[in-house]
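*Asks:* predicted model follows, preceded by the sequence.
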Amino acid sequence: MNWDSLRACSDIEVVELTPEEAASTAALADAQPHFSERGDPDLYVEYDIASRNLCPRIQRACARWAQALPVSTVFRGFDLGTPEPNPPGPVDRPIVPQRATVTGALILLRAGHTPIGQHDMQKGRVGVAVYPHVGREGTQSNAGTVANDHHGDWGWAPEGARANAVALGITRSEPERDAAHRVVPARRLLPRLSWATEQVLRAPRFLYRPTAGFGAHAPECQLVAPVVTGPSYDPEIRYDTDMQPLDTAAAAAIRLLREAIEAESIDIPPEKGQLILHHNLRVLHGRRAVAGGPHPMARQAFRIWGVRDPRQLSLYQPYAGAPVDPCEVLLDPKRSVCPVANAEAKQ
């Protein structure tokens, strides 16, 4: 799909920044303190105040997104900084510019969500999950070369412990080789399915486990839940390639849903400086394959998740100041969410 077609799509808003708007946003991000530790409330207060100084057009787009007028907003033309080269040694991922992570945090906060995310393994910085993972370009775990099937993030997590928003940004891109981002607004899917299929998808007949990007498939952290929740005119779709239908009717319903997803998929051309804001589970997202085989430096993308309720941050506070992975939180019996996950999994 080209940009003219995307601009005409009612479920997706495209915001093209002027050079002046990009420069003012970059200066605002550069003036903020860097991420220090996961879930620092004082830091997020400063970011929240700063987000009110974003240019009016960006703020209006964030407000429209917060009202779910579009389920996805594509910002074009941000100056997200220059990615740092991979440092020597056996590192897992390149380093995202602080300007990029702070810009994503400012956008999320102005859209009414508090940022969370997997920690940056190299420097203990937080707020982002970066891909590709060097040496793992051929896997589905945030890979940079193979196609990534449509999914909603954290579908395996129980309600109250799941991200409500996803911000995806690109700091490095080779357009002739890079992979198109794919989105499917959930509100477009149910009209393609029969009432009977929808009822199967609304029943707790599907098993979810943490995806490979969060570590192992741990049996202690699993969830039996429906795929479809919420009103038919604007549902949430808990869909992931690692989910498991528990009976033949559920498997048949998933096949029909997958057909509807492919029929309604929309491609967003990748480009440096792009930042996409998704309502998690109200839109599914994925990626086509990168052309030309593994080449981790051909692109660098990052994501930051957001939650509507800042109290969820208490689930992700670090032990003794060390960043933790969300999967570790859900597996930890000391955390209040773990009994919820286990109780739901036993139903």
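*Replies:* Structure received.
*Asks:* can you pull out the helices in the stretch 151-300 of the chain?
*Replies:* With helices called from DSSP state H, counting those that start in this stretch, the stretch 151-300 of the chain shows them at 195-201, 248-264.
*Asks:* in the first one, what counts as buried?
*Replies:* What that stands for is helix 195-201. Burial within helix 195-201, assessed by neighbour count using 16 or more other C-beta atoms under 10 Å, is assigned to Thr197, Glu198, Val200, Leu201. Placement of C-beta: from N, CA and C, glycine included.
*Asks:* who are the contact partners of the last one?
*Replies:* Going by C-beta atoms under 8 Å, 6 or more residues apart in numbering, Leu201 touches Leu193, Pro226, Val227, Val228, Ala253, Ile254, Leu257.
*Asks:* cool, and the second one?
*Replies:* Contacts of Glu198 were listed using C-beta under 8 Å, 6+ apart, and they are Leu190, Val228, Ser232.
*Asks:* in ChimeraX, how would I select the buried members of these?
*Replies:* A single ChimeraX command selects the buried members of the contacts of Glu198 (16+ other C-beta under 10 Å):
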select :190,228
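*Asks:* lowest-confidence entry in the contacts of Glu198?
*Replies:* Of all those, the one the model is least sure of by pLDDT is Ser232, with 92.
*Asks:* any idea how far that residue is from Leu69?
*Replies:* 19 Å (C-beta to C-beta, to the nearest Å).
*Asks:* quick one: Gln274 and Ile237, what's the gap?
*Replies:* With the distance defined as C-beta to C-beta, Gln274 ends up 24 Å from Ile237.
*Asks:* of those two, who's got more company?
*Replies:* Between Gln274 and Ile237, Ile237 has the larger neighbour count (other C-beta atoms under 10 Å), namely 28 against 21.
*Asks:* and the residue nearest to that one when sequence neighbours are not counted, how far is that from Pro235?
*Replies:* Nearest residue to Ile237, sequence neighbours excluded (C-beta to C-beta, 6 or more residues apart in numbering): Ala186, at 4.3 Å. Using C-beta to C-beta, we find Ala186 at a distance of 5 Å from Pro235.
*Asks:* overlap in contacts of these two?
*Replies:* Each of Arg282 lies in contact with both Ala186 and Pro235 under the rule C-beta under 8 Å, 6+ apart.
*Asks:* please enumerate the strands of the stretch 1-150 of the chain.
*Replies:* Counting by DSSP state E, counting those that start in this stretch, the segments of the stretch 1-150 of the chain that form strands are 12-16, 72-76, 114-116, 129-131, 148-151.
*Asks:* other SSEs contacting the second one?
*Replies:* The reference is to strand 72-76. strand 12-16, helix 56-66, strand 275-279 (3 or more C-beta pairs under 8 Å, 6 or more residues apart in numbering; DSSP states H and E).
*Asks:* where does the chain have its least confident helix or strand?
*Replies:* helix 337-346 (a mean of 39; mean pLDDT, DSSP states H and E).
*Asks:* count the residues that sit near the residue nearest to Cys55 when sequence neighbours are not counted.
*Replies:* The shortest distance from Cys55 to any residue that is not its chain neighbour, by C-beta to C-beta, 6+ apart, is 4.7 Å, and that residue is Glu21. For Glu21, the count of nearby residues is 20 (other C-beta under 10 Å).
*Asks:* against Phe75, how distant is Glu21?
*Replies:* If you go by C-beta to C-beta, the gap between Glu21 and Phe75 works out to 10 Å.
*Asks:* kindly report the same for Cys62.
*Replies:* The value you get for Cys62 to Phe75, if C-beta to C-beta is used, is 10 Å.
*Asks:* between these two, what contacts are shared?
*Replies:* Residues within reach of Cys62 and of Phe75 at once, by C-beta under 8 Å, 6+ apart, are Ile107, Leu277.
*Asks:* shouldn't Arg287 be in contact with Ile170?
*Replies:* No - the pair Arg287 and Ile170 fails to qualify as a contact (C-beta atoms under 8 Å) at a distance of 11.1 Å.
*Asks:* the more surrounded of those two?
*Replies:* Each of Arg287 and Ile170 had its neighbours counted (other C-beta under 10 Å), and the higher figure belongs to Arg287 (25 against 21).
*Asks:* pLDDT wise, what is that one at?
*Replies:* 81.
*Asks:* quick check: closest non-adjacent residue to it.
*Replies:* Once flanking residues are discounted, Arg287 sits nearest to Asn148: 4.2 Å by C-beta to C-beta, 6+ apart.
*Asks:* what is the burial count for the one you found?
*Replies:* 23.
*Asks:* and for Ser194?
*Replies:* Burial measure for Ser194: 11 neighbouring residues, criterion other C-beta under 10 Å.
*Asks:* do you know how far Ala61 is from Gly169?
*Replies:* If you go by C-beta to C-beta, the gap between Ala61 and Gly169 works out to 15 Å.
*Asks:* for Gln222, same thing?
*Replies:* Distance from Gln222 to Gly169, counting by C-beta to C-beta: 31 Å.
*Asks:* specify which residue of these two has the higher count of neighbours.
*Replies:* Between Gln222 and Gly169, counting by other C-beta under 10 Å, Gly169 is the more crowded of the two (26 against 20).
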